[in-house]
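Q: Whatever this is, show me its structure:
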Amino acid sequence: MVAVDSWKRTHHPNIVSLREAFTTKNFGDSCTWRGGGEGGKKKSEAILKKLFFPHIFLALIFSYDYHPQSQTLFQRYFSQASEAPSEQELWSILLQLVSAIKYVHSNGKAWY
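A: You can find the predicted model right below:
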């Protein structure tokens with residue numbers, strides 16, 4: 001996975017680092033077959049898995065750095081108990097977002 005390797009090498013203060021990516025069948029919810037009764041479902045699903053779309057039955061999992069004291073913007077500013085951000089906080093958030101977007105685009109990662 002070239003894109004995953006590229007993102008794993010990304011080090012920027014405003015981007016959470018990607019540690020690993022892998023696929024799994026453990027969730028079993030990647031594809032739902034909607035057709036023809038229970039017997040037909042099993043047979044059709046087996047054909048789909050083996051012949052046409054084996055990759056759609058896998059879930060892609062991304063593992064990122066863990067930051068235990070962090071909060072999402074929603075948790076910090078839009079939950080019921082939170083207060084509105086000040087103008088200074090809004091500018092800080094905007095600059096961090098723009099800095100991360102500039103890094104992603106200038107390093108060719110926007111197309112992955």
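Q: Does the spatially most central residue of the chain belong to a helix, a strand or coil?
A: The chain has F62 as the residue nearest its centroid, 6.5 Å off, counting by CA atoms, centre = their mean. The local conformation at F62, judged by DSSP: H, G, I helix; E, B strand; the rest coil, is strand.
Q: residues in contact with it?
A: L18, E20, A21 (CB atoms under 8 Å, 6 or more residues apart in numbering). For glycine as for every other residue, the C-beta is placed from the backbone atoms N, C-alpha and C.
Q: That one and K8, how far apart?
A: Distance, F62 to K8, by CB to CB, to the nearest Å: 10 Å.
Q: mean confidence score for the lengthiest helix in the chain?
A: Of all the segments of type helix in the chain, defined by DSSP state H, the longest one is helix 87-106. Mean per-residue pLDDT for helix 87-106: 96.
Q: Could I get the buried residue list for that helix?
A: By neighbour count on 16 or more other CB atoms under 10 Å, the buried set for helix 87-106 is A100, Y103, V104.
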